[in-house]
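J.: sequence plus predicted model, see below.
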Amino acid sequence: MRQLFEETFVNDKPIKAVFSAKRRKSLEYNKVTIRPVMAGGEIRYQAEYTYDKKVTHNNIAQADIVEFCMELMNDFKQVNIFTNAEDIQILASKVDKPHISRKKASLSCQNFVHNRTKQYVIPDGVPCDFLIRLGVMDKAGKVIPKHYSKFRQINRYLEIVEDVFPYLPNKGNKPLKIIDFGCGKAYLTFAIYHYLKVLKGRNVEIIGLDLKKDVIEFCNKVAEDLGYNELKFLMGDIADYTSDNADMVVTLHACDTATDYALMNAVAWGTQVILSVPCCQHELFNQIKNDVHQPMLKHGILKDRLTEYLTDGLRGLKLESKGYSVAMIEFTSLEHTARNIMIKAVKRRSADSELCKKAQKQYEELRDFYQVRPTIDKL
Ligand SMILES: C[S@@+](CC[C@H](N)C(=O)[O-])C[C@H]1O[C@@H](n2cnc3c(N)ncnc32)[C@H](O)[C@@H]1O
C-alpha cells in the first residue's frame with residue numbers, strides 16, 4: 001500500500017483520495033477527503049474531515065502525505081483514489097491484506113494541471129539573469145523565439161525539481177549538495193541553482209561535471225559573471241568521480257552507460273533524489289537474445305526501441321532494489337526530443353527489505369529473460 005501511495009502521490013498527483021468505511025464506530029469523523037492544492041507555488045494536500053455535523057480541514061506537506069495516508073489506513077477500510085489516469089480502489093478489511101482494483105479514470109482535473117503548466121516557474125517576460133546570460137532571454141526578459149523549446153524544457157525540469165523539493169534534506173543551514181553529471185552547457189545546472197538558491201533561498205553547493213574542457217571553462221566563467229558562487233564546474237569522467245556525495249544527482253542525456261556510473265554513485269552515496277534522463281542506450285543492442293522475440297528483433301528499429309526500454313526498465317528495477325521509489329515520467333513531449341523519459345527516483349524513508357528483494361528478483365528475471373549483462377549489473 002505504501003508503494004501505491006508513493007506512486008500516486010509522488011508521481012501522479014491524485015485529483016482526490018477518499019478514505020471511508022471506518023474501522024471502529026467510536027472514530028469521530030466518518031471520512032477523510034484529500035485534495036492537492038497550490039500554496040505559495042508549492043503543492044500541498046488538504047485533508048477534509050467529515051463529521052456528522054461539521055467539516056474541518058488540515059494541510060499536509062507533500063513530504064508527509066504518504067505517512068499520513070498510511071496512518072489513515074488504521075482508521076478506514078476503504079480508499080478511492082481518483083487520478084487523471086485511473087481510478088484506484090483499495091479495500092482492506094485487514095490493514096495488511098488490501099485488495100486493490102483499478103479502472104478507467106472517471107474524473108479529470110483540467111484546471112489544476114492547466115494552471116501548473118501555464119504558470120512557468122521562470123516566467124516569460126520577467127528578466128532572469130542566467131537565461132539572459134545564456135542567450136535564452138533578451139535583457140527585457142522576453143524569451144527569444146528560437147530558444148522557446150529550451151525555455152520550456154528548463155521550466156519543465158524545474159517543475160519536476162519542485163515536485164521532489166520536499167524530499168531533499170532540510171537540516172538547519174546545511175547546504176544542499178547537488179551534482180549534475182554530464183552537464184554540457186549547463187542550462188539546467190544554472191536553472192537548479194537559480195531555483196534553489198535564488199527562488200527558494202536554500203544554501204547550496206552545486207557541481208556540474210563534464211568531459212569537455214572548453215565547456216567547463218565557459219560554465220565557470222558564466223557562474224562567476226553571475227555571482228553564482230556556490231556553483232562550480234569540474235572537468236572529469238563520471239566513471240572516475242567517486243570522491244564526493246550528493247543529496248540530489250541529476251543527469252540529462254548522459255550518453256549510454258555514463259548514466260549507469262552516475263546512478264551507481266548516487267546509490268553508493270545514499271542520495272535522496274535522482275533525476276536522470278538517459279540517452280543513446282546502445283549497450284544491450286548486441287546482447288539481447290530471446291527466442292520468442294527473435295522474429296520481432298530481426299527489425300533493427302524495433303530492437304533499438306526495445307533496447308532503450310529494457311535498459312531503463314532494468315535501471316529502474318535496480319534502483320528499486322536499492323530502496324528507491326521509482327517513476328518513469330515524460331520529461332518533454334515527444335515533439336521536442338525522442339529522448340524524453342526521465343527516471344525519477346526518491347529514496348524511501350525506511351528501507352523495506354521485502355520490496356527491495358522483490359525488485360531484485362524481478363530485475364534478475366528480466367535480465368535473464370533477454371540474456372543481457374548491463375553495466376548497472378556489473379557496477
Ligand atoms: C548530450 S550532452 C547533454 C548536456 C546537458 N546535460 C544538456 O542536456 O544540455 C551530453 C554531455 O555529457 C558529457 N559526457 C558524456 N559522457 C561523459 C562522461 N563519461 N563523463 C562526463 N561527462 C560526460 C558530454 O561531454 C556532453 O557534454
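T.: Thanks, I have it.
J.: doesn't residue 73 make contact with residue 92?
T.: Yes. In this structure, residue 92 is within contact of residue 73 by C-beta atoms under 8 Å, at 6.4 Å. (Glycine included, C-beta is placed from N, CA and C.)
J.: can you list residues touching both of those two?
T.: Contact criterion C-beta atoms under 8 Å, 6 or more residues apart in numbering; residues bridging residue 92 and residue 73 by contacting each: 1, 79.
J.: how close does the residue lying closest to residue 66 once chain neighbours are set aside sit to residue 50?
T.: Among residues not flanking residue 66 along the chain, residue 5 sits closest, at 4.7 Å (C-beta to C-beta, 6 or more residues apart in numbering). Residue 5 sits 20 Å away from residue 50 when distances are taken as C-beta to C-beta, to the nearest Å.
J.: neighbours of the residue nearest to residue 66, just the number please.
T.: Taking other C-beta atoms under 10 Å as the criterion, the count of residues near residue 5 is 23.
J.: residue contacts, it?
T.: 65-66, 69-70.
J.: please check these and keep the buried ones.
T.: Among the contacts of residue 5, those scoring as buried are 65-66, 69 (criterion: 16 or more other C-beta atoms under 10 Å).
J.: among those residues, which ones are in helices?
T.: The members of those that map onto helices under DSSP state H are 65-66, 69.
J.: on that earlier part again, among the buried ones among the contacts of residue 5, which are in reach of the ligand?
T.: Judged by C-beta under 6 Å from any ligand atom, the overlap between those and the neighbourhood of the ligand is nil.
J.: may I have the secondary structure class of residue 284?
T.: coil (DSSP: H, G, I helix; E, B strand; the rest coil).
J.: what's around it, how many residues?
T.: Other residues near residue 284 come to 21 when the count uses other C-beta under 10 Å.
J.: now swap in residue 233 and tell me
T.: By other C-beta under 10 Å, the residues close to residue 233 number 22.
J.: near whichever residue of the stretch 101-250 of the chain sits closest to the ligand, how many other residues are there?
T.: Here the residue of the stretch 101-250 of the chain nearest the ligand is residue 184; by C-beta to the nearest ligand atom that distance is 2.4 Å. Residue 184 is surrounded by 17 other residues when neighbours are defined as other C-beta under 10 Å.
J.: same check, this time on the one 10 residues further on
T.: Neighbourhood size, residue 194 [other C-beta under 10 Å]: 22.
J.: residues touching residue 310, list them.
T.: In this structure, residue 310 makes contact with 284, 288, 366, 370, 372, judged by C-beta under 8 Å, 6+ apart.
J.: how does it look with 7 Å?
T.: For residue 310, the contact set (C-beta atoms under 7 Å, 6 or more residues apart in numbering) comprises 284, 288, 370.
J.: mind checking the SS state of it?
T.: Residue 310 falls in the helix class when you classify it by three-state DSSP.
J.: per-residue confidence at it?
T.: On the pLDDT scale, residue 310 is placed at 96.
J.: I'd like the next helix or strand past the lowest-mean-pLDDT helix or strand in the chain.
T.: Taking mean pLDDT, DSSP states H and E as the measure, helix 110-118 is the helix or strand of the chain with the lowest mean score, a mean of 42. Stepping forward along the backbone from helix 110-118, the first helix or strand reached (DSSP states H and E) is helix 129-133.
J.: give the buried residues for the one helix or strand residue 364 maps to.
T.: According to DSSP H and E, residue 364 maps onto helix 353-369. Within helix 353-369, the residues that count as buried by 16+ other C-beta under 10 Å are 355-356, 359, 363, 367.
J.: could I get the residues you listed in a markdown table, plus columns for distance to the ligand?
T.: What follows is those, written out as a markdown table (distance: C-beta to the nearest ligand atom, whole Å):
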| residue | distance to the ligand |
| --- | --- |
| 355 | 31 |
| 356 | 28 |
| 359 | 26 |
| 363 | 24 |
| 367 | 23 |
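J.: lowest-confidence one in these?
T.: At the low end of pLDDT for these is residue 355, which has 91.
J.: now for it: which residues touch it?
T.: Applying C-beta under 7 Å, 6+ apart to residue 355 gives the contacts 3, 320.
J.: around the ligand, pick out the residues from this structure.
T.: So far as C-beta under 6 Å from any ligand atom goes, the chain lies against the ligand at 182-185, 187, 209-212, 215, 237-239, 252-255, 258.
J.: and the strands in the protein?
T.: Secondary structure of the chain (DSSP state E): strands at 16-22, 31-39, 42-50, 55-61, 76-82, 86-91, 99-104, 176-181, 204-210, 231-235, 248-255, 273-279, 324-330, 341-347.
J.: what's the second one packed up against?
T.: Put plainly, it is strand 31-39. When contacts are defined as 3 or more C-beta pairs under 7 Å, 6 or more residues apart in numbering; DSSP states H and E, strand 31-39 sits against strand 16-22, strand 42-50.
J.: out of the ones you listed, which gets nearest to residue 144?
T.: The minimum distance between residue 144 and these falls on strand 42-50, with 29.4 Å, by C-beta to C-beta.
J.: which stretches of the stretch 51-200 of the chain aren't confidently modelled?
T.: In the prediction, the stretch 51-200 of the chain carries residues with pLDDT under 70 at positions 108-119.
J.: need the contact list for residue 120.
T.: In this structure, residue 120 makes contact with residue 155, judged by C-beta under 7 Å, 6+ apart.
J.: show me the domain layout of the chain.
T.: Under the assignment named as automatic domain parsing, the residue ranges that make up the domains of the chain are 2-109, 164-378.
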